[in-house]
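J.: Give me coordinates for this.
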Amino acid sequence: VESKAELGGLGRLSSGVRSGRLASILGRAVESIAPTDEAEAAADKSDSSEKTRSATGSGKVLKNGVGIRVTKDTEYTLLINVSVPVKTCKKTLASIVQTLGENVTVPGFRKSVKKSTIPPNLVIGAIGRHLVESKVVEALIEKTVWDALEDVKDEALPKSEEIRLVDRTRSIVNYIAENEPFQYSVTVEVIPVVSWNVPYKDMKITMPEVDVQGEWERK
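T.: Next comes the predicted model:
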């Protein structure tokens, strides 16, 4: 049985351990940004609308504007819906584009031209939209996921986190353009509650009678 310190370690990890853990749990979430076929996209959209509705229910808003809502998903799992404000999305996108665009040549512009003077959509196109999307999603989740897990750190089992995008067919640029928060969810496993039918102090155990002498004589 793992100690409570271990079970409650999600929110108190060192930055190095956090980075390693985050890299592993971000993998599937970031891969899911890849384009899907129309049938799969339609199914995702239908599923995401349900999740979006549930994410807008009662919860709390952190000082950084991030919205958190924790619900019981199954008997053994908790679902944390996270919504990141548009302001944070805009700043993160601008930062990622600036970093990745430093050594990129935008068609129609000299390399010496400052990227800040070029329309962002052209710079994003030169870098590669999918690369930008992946980096922005990674950065947004990295900034917010540990705060999101703070409320469940004493219940969640270590290394049980699974991150999913609420709508993997939708781009960060689209969220910003429509002035809507970026949304994702985290599922964590928890220790099931064990209850006794009767108080353990009142439990009675009947031990079988053993004829020690008889057993000894037969041997």
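J.: what's the pLDDT at Ser49?
T.: Looking at Ser49, its pLDDT stands at 38.
J.: And for the one 5 residues further on?
T.: With respect to pLDDT, Ser54 has a value of 39.
J.: again with Leu157
T.: pLDDT, read off for Leu157, is 88.
J.: Now that it has come up, it's in contact with Val188, right?
T.: Yes: here Leu157 reaches Val188: they are 7.0 Å apart, a contact under CB atoms under 8 Å. (Each C-beta comes from the backbone N, C-alpha and C, glycine too.)
J.: so what's the closest residue to Val186 other than its chain neighbours bridging to?
T.: Excluding its sequence neighbours, the residue lying closest to Val186 (CB to CB, 6 or more residues apart in numbering) is Ile80, at 4.5 Å. Ile80 has these beta-bridge partners by DSSP bridges: Val70, Val186.
J.: Please give me every residue in contact with Ile80.
T.: Ile68, Arg69, Val70, Ala148, Leu149, Asp151, Val152, Ser185, Val186, Thr187, Val188 (CB atoms under 8 Å, 6 or more residues apart in numbering).
J.: Going by neighbour count, which residues of the helix ranked longest in the chain are buried?
T.: Counting by DSSP state H, the longest helix found in the chain is helix 129-148. Residues 132-141, 144-146, 148 are the ones in helix 129-148 that count as buried (16 or more other CB atoms under 10 Å).
J.: So which other helices or strands are in contact with the helix or strand following that helix?
T.: Moving toward the C-terminus from helix 129-148, the next helix or strand (DSSP states H and E) is strand 162-165. Packing partners of strand 162-165 (3 or more CB pairs under 8 Å, 6 or more residues apart in numbering; DSSP states H and E): helix 15-31, helix 129-148, strand 182-189.
J.: Could you rerun that using 10 Å?
T.: helix 15-31, helix 38-55, strand 77-84, helix 129-148, strand 182-189 (3 or more CB pairs under 10 Å, 6 or more residues apart in numbering; DSSP states H and E).
J.: For that strand, buried residues please.
T.: Neighbour-count burial for strand 162-165 [16+ other CB under 10 Å]: Ile163, Leu165.
J.: What's the mean pLDDT across it?
T.: The predicted confidence, averaged over strand 162-165, sits at 90.
J.: Buried residues in whichever helix or strand comes after it, which are they?
T.: Per DSSP H and E, the first helix or strand lying C-terminal to strand 162-165 is helix 172-177. Neighbour-count burial for helix 172-177, counted by 16+ other CB under 10 Å, picks out Ile172, Val173, Tyr175, Ile176.
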